[in-house]
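Participant: Fold the stuff below for me.
(chains A, B, C and D)
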There are 2 protein chains.
Amino acid sequence: MKIDPTNPADLSAQIAKAIRDAIISGALPVDERLPSEAELAEQFNVSRPTVREALKRLAAQSLIRTQRGATGGAFVNRLRFEDAYGQQITTSTLLLSMNDVSFATACEARYALERACAPLSAQRRTADHLATMRAEAHRQSQPGLTDEAFCASDVAFHRALVDAAGNPVLSYQLAGAVEAMQPLMNMITFSARDRERIIMLHTAIADAIEAQDSAKADENLADLATYTQELAQDVIAKRNAARQAK
Amino acid sequence: MKIDPTNPADLSAQIAKAIRDAIISGALPVDERLPSEAELAEQFNVSRPTVREALKRLAAQSLIRTQRGATGGAFVNRLRFEDAYGQQITTSTLLLSMNDVSFATACEARYALERACAPLSAQRRTADHLATMRAEAHRQSQPGLTDEAFCASDVAFHRALVDAAGNPVLSYQLAGAVEAMQPLMNMITFSARDRERIIMLHTAIADAIEAQDSAKADENLADLATYTQELAQDVIAKRNAARQAK
DNA sequence: CAATTTTCATTTGTCAGACAATTAAACGTC
DNA sequence: GACGTTTAATTGTCTGACAAATGAAAATTG
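Facilitator: Here you go, the predicted structure:
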């Protein structure tokens, strides 16, 4: 773990990279305690604030955790799926909003990935996952539900569908794709008829998953993808019409 | 943007969260300049080092960039796909290595997602993507190639396949799944016969994509998934045998 | 007046030293 | 031995300072 002392700028970034590489390579195993800030400062020949900035960079990526006190210090953190979910969702959401990714592109990606999970979900679904899907579908049918709540329930339904595949890596990857869509979905106003149609498809998907009928589930997911795209196109068309009317 | 002054610990984390939320909500648009560190310190009623630690946290997530000089400062960064790729790959790799995710689980997720891209790739592939796939398949057939180089070429082939779908969101999501597998793949020693089989499947996939035959591409990807799993199981079986022999 | 150079103010990057808060271990005390 | 107390180590924060970069304004020059 060494840094380039000839470039006196971005020292904290260099130090962070050195430690990060050590963690990724496995040189620093999980729960290993890093040297204290004072020791690191001495090793890298920098001041303690600079070391601290480097450690905060790593903390922001959940690579380390810190603890105060006599036996405290910075420890290599076991990156948990939950932590990774959060980062993945933040990154995905920003990526979509900052790069003018079209609804069509994001939607296509999401449903393509989700359909990849369906066969595994049909095969391995538990009563628990099915119950969640049914509960969310039922929640969606309740009158007086705001569009935002409807979307949130939609996300919950699809996450249950993905989780049913019983593959944490898939759940992790899909978390970003599904959750990042929510801000885009929230732009849509769902009429009673729209909701009815979506709930019907959700129910059909749950039925297919319960019956372990992977082809049927895929078919209904494809229909849902098409229908969602149509709804979005309507919104965009109406917006353009309103813009031209001005 | 406010913080809780009653909890005097983790001030930098609180400040980072406040600014991050402002960015995510859109209150701070891309390329907007944040107040100077001194001004932020005054606003939040903390010292400049504390503000700096918060800013470094955000910089670690590529949410801001900083520039020195008279008109310098911290600016809201447009999160580019490339930056997001890197973060995604780092996170995915660590997630697999730190949570004892089995080869089978990671492999299953990867090929499920990749097969989701195949239909789109078959539909939209350009000459450029096909050329890359062909070139990598050819590179894989060269004698004297190390296992590591073989794996790297394998990753390049599959990324070209994914990129051919022409959906940047898919490419982003898949980057993590494909690249994070590399350390696991590197554990496998590929015999000449193994390589021959894999190259044959790669060629068949490229053929199918070129012919826009989505079903054929899917079939060959499924075969490749099965074959990769078999190879890994051999490695694991041999390792267990060696362990028992001790 | 135009072009160029110089100066300067602003801002980030880094350093040094200090004190507060926390925590667990070492140490007495009963 | 059980239970407070002290103590040392460590992170969290603050103050003040200087260096380095950088663009803008001012001064200089042709």
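
Participant: contacts and neighbour counts: CA atoms only from here.
Facilitator: OK.

Participant: So for the helix or strand hosting residue A:66, could I get the coordinates as CSV, restricted to C-alpha?
Facilitator: Using DSSP states H and E, the secondary-structure element containing residue A:66 is strand A:64-67. Once non-C-alpha atoms are left out, strand A:64-67 reads as follows in CSV (Å, rounded to 0.1, in the frame of the first residue of the first chain):
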residue,chain,number,x,y,z
ILE,A,64,-15.2,0.1,6.3
ARG,A,65,-17.0,0.9,9.5
THR,A,66,-15.5,2.9,12.4
GLN,A,67,-15.8,2.6,16.1
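
Participant: Tell me the helix or strand right after that strand.
Facilitator: Under the assignment DSSP H and E, the closest C-terminal helix or strand after strand A:64-67 is strand A:73-76.

Participant: Is there proximity between that next one and DNA strand C?
Facilitator: No. Contact of strand A:73-76 with DNA strand C is not found when judged by C-alpha under 7 Å from any atom of the strand; the minimum separation is 10.0 Å.

Participant: Report whether that strand contacts DNA strand D.
Facilitator: Yes. For strand A:73-76 and DNA strand D, the contact criterion (C-alpha under 7 Å from any atom of the strand) is met by A:73-74.

Participant: Tell me which other helices or strands that strand touches.
Facilitator: Secondary structure elements in contact with strand A:73-76, counted by 3 or more C-alpha pairs under 8 Å, 6 or more residues apart in numbering or on different chains; DSSP states H and E, are strand A:64-67.

Participant: The strand it packs on near chain B at all?
Facilitator: No. On the criterion C-alpha under 8 Å from any C-alpha of the partner chain, strand A:64-67 is out of touch with chain B, staying 10.4 Å away.

Participant: State the distance from residue A:49 to DNA strand C.
Facilitator: Taking C-alpha to the nearest atom of the strand, to the nearest Å as the measure, residue A:49 falls 6 Å from DNA strand C.

Participant: residue contacts, that residue?
Facilitator: When contacts are counted by C-alpha atoms under 8 Å, 6 or more residues apart in numbering or on different chains, residue A:49 is found next to residue B:49.

Participant: hmm, 10 Å instead?
Facilitator: A:12, A:37-38, A:41, A:55, B:49-50, B:52-53 (C-alpha atoms under 10 Å, 6 or more residues apart in numbering or on different chains).

Participant: Likewise for residue A:41?
Facilitator: Residues in contact with residue A:41 (C-alpha under 10 Å, 6+ apart) are A:15, A:35, A:47-52.

Participant: out of the residues you listed, which one sits closest to residue B:128?
Facilitator: When the contacts of residue A:41 are compared for distance to residue B:128, the smallest value, 39.1 Å, is given by residue A:15; criterion: C-alpha to C-alpha.

Participant: Is it correct that the closest one is in contact with residue A:37?
Facilitator: No. At 11.9 Å, residue A:15 does not count as touching residue A:37 under the criterion of C-alpha atoms under 10 Å.

Participant: what touches both of the two?
Facilitator: A:50-52, A:55.

Participant: same for chain B: which of the residues you listed are within range?
Facilitator: Under the cut-off given by C-alpha under 10 Å from any C-alpha of the partner chain, chain B has A:50, A:52, A:55 from those close to it.

Participant: what's the nearest residue to the residue nearest to the spatial centre of chain A if we skip its chain neighbours?
Facilitator: Averaging the C-alpha coordinates of chain A gives a centre point, and the residue nearest to it by C-alpha atoms, centre = their mean is residue A:176 (2.6 Å). Of all residues beyond its chain neighbours, the one nearest residue A:176 is residue A:89 (4.4 Å), with distances taken as C-alpha to C-alpha, 6 or more residues apart in numbering or on different chains.

Participant: What helix or strand is the residue nearest to residue A:204 when sequence neighbours are not counted located in?
Facilitator: For residue A:204, ignoring the flanking residues on the chain, the nearest one in space by C-alpha to C-alpha, 6+ apart is residue A:220 at 6.8 Å. Residue A:220 belongs to helix A:214-245 when assigned by DSSP H and E.

Participant: that older thread, how far away is the residue nearest to residue A:204 from DNA strand D?
Facilitator: When C-alpha to the nearest atom of the strand is applied, the distance between residue A:220 and DNA strand D equals 50 Å.

Participant: Walk me through the domains of chain A.
Facilitator: Split into domains by automatic domain parsing, chain A comes to A:11-76, A:81-245.

Participant: mind checking how far the shortest one is from the chain centre?
Facilitator: Between the mean C-alpha point of domain A:11-76 and the mean C-alpha point of its chain there is a distance of 27 Å (C-alpha atoms, centre = their mean, to the nearest Å).

Participant: The longest one too?
Facilitator: Here the centre of mass of C-alpha atoms in domain A:81-245, compared against the chain's by C-alpha atoms, centre = their mean, lies 13 Å away.

Participant: Up against DNA strand C, what does chain A have?
Facilitator: By C-alpha under 7 Å from any atom of the strand, the part of chain A that sits against DNA strand C consists of A:8-12, A:45-50, A:67-72.

Participant: Keep only those residues that also lie close to DNA strand D.
Facilitator: Filtered for proximity to DNA strand D (C-alpha under 7 Å from any atom of the strand), the residues of chain A next to DNA strand C shrink to A:49, A:67-72.

Participant: Now do residue A:212, the pLDDT please.
Facilitator: The confidence metric pLDDT takes the value 96 at residue A:212.

Participant: what number of residues lie near residue A:22?
Facilitator: Residue A:22 sits with 14 neighbouring residues when counted by other C-alpha atoms under 10 Å in any protein chain shown.

Participant: Can you report how many residues neighbour the residue nearest to residue A:15 when sequence neighbours are not counted?
Facilitator: Excluding its sequence neighbours, the residue lying closest to residue A:15 (C-alpha to C-alpha, 6+ apart) is residue A:54, at 6.0 Å. With neighbours defined by other C-alpha under 10 Å, the count for residue A:54 comes to 26.
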